[in-house]
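J.: The following block contains a protein sequence and its predicted model.
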Amino acid sequence: MGILIVDDSQSLRLLLAQIFKEEGYQKLYFASSAQETFATLKLQEKKGNRIDLILLDIVMPEMNGIEVCQKLKQEPNLKSIPVIMVTSKTDVSSLERAFSAGAIDYLTLHGASPTWIPHS
């Protein structure tokens, strides 16, 4: 399973990578911005590496994760990739916008440890 971790914080990318590697996931890809996200997806597609899941930060410079998710869902070859938003935001408005943009779930980060909050 190929997982793309998108976060402008290197420490959070490393933390999430460590968690996934401990669970046995080895095909991890990284991006720190919207531009890197689309470049990484294009490059991995050319190489024949499938991205099966995107973990996407909401708060990023230039283009936020909600906007990135909307653009992903408009692309025919990318719209079927599940997107889980990773955020410290817990306000209902941000989460509703994320789901409206096409996210399937969200993971909130409190301090140094992620907390999975299933969407119901």
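T.: Perfect, thanks for sending it. Numbers count the residues shown, from 1 in each chain.

J.: Put the alpha carbons of stretch 30-44 into CSV.
T.: Extracted C-alpha coordinates of stretch 30-44, given in CSV (Å, rounded to 0.1, in the frame of the first residue of the first chain):
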residue,chain,number,x,y,z
PHE,A,30,6.2,12.7,1.3
ALA,A,31,5.2,16.2,0.3
SER,A,32,5.3,19.5,2.2
SER,A,33,3.0,21.6,0.0
ALA,A,34,0.3,21.5,-2.6
GLN,A,35,2.7,21.8,-5.4
GLU,A,36,4.9,19.0,-4.1
THR,A,37,1.7,16.9,-3.6
PHE,A,38,0.7,17.1,-7.3
ALA,A,39,4.4,16.7,-8.5
THR,A,40,4.8,13.6,-6.3
LEU,A,41,1.5,12.0,-7.5
LYS,A,42,2.5,12.6,-11.1
LEU,A,43,6.0,11.2,-10.6
GLN,A,44,4.8,8.1,-8.8
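
J.: just the strands in the chain please.
T.: For the chain, applying DSSP state E gives strands covering 2-6, 27-31, 53-57, 83-87, 105-110, 113-117.

J.: Any idea which of those strands has the lowest pLDDT on average?
T.: Out of these, strand 113-117 stands lowest, with a mean of 51 (criterion: mean pLDDT).

J.: how far away is Asp83 from Glu22?
T.: Asp isn't right for residue 83; it's Val. Val83 is 23 Å from Glu22, where distance means Cβ to Cβ, to the nearest Å. C-beta: built from backbone N, CA, C; applies to glycine.

J.: Let me fix that, I meant to ask about Gln70.
T.: Separation of Gln70 from Glu22 (Cβ to Cβ) stands at 32 Å.

J.: out of these two, which sits in the busier spot?
T.: Taking neighbours as other Cβ atoms under 10 Å, Gln70 and Glu22 compare with Gln70 leading, 17 against 8.
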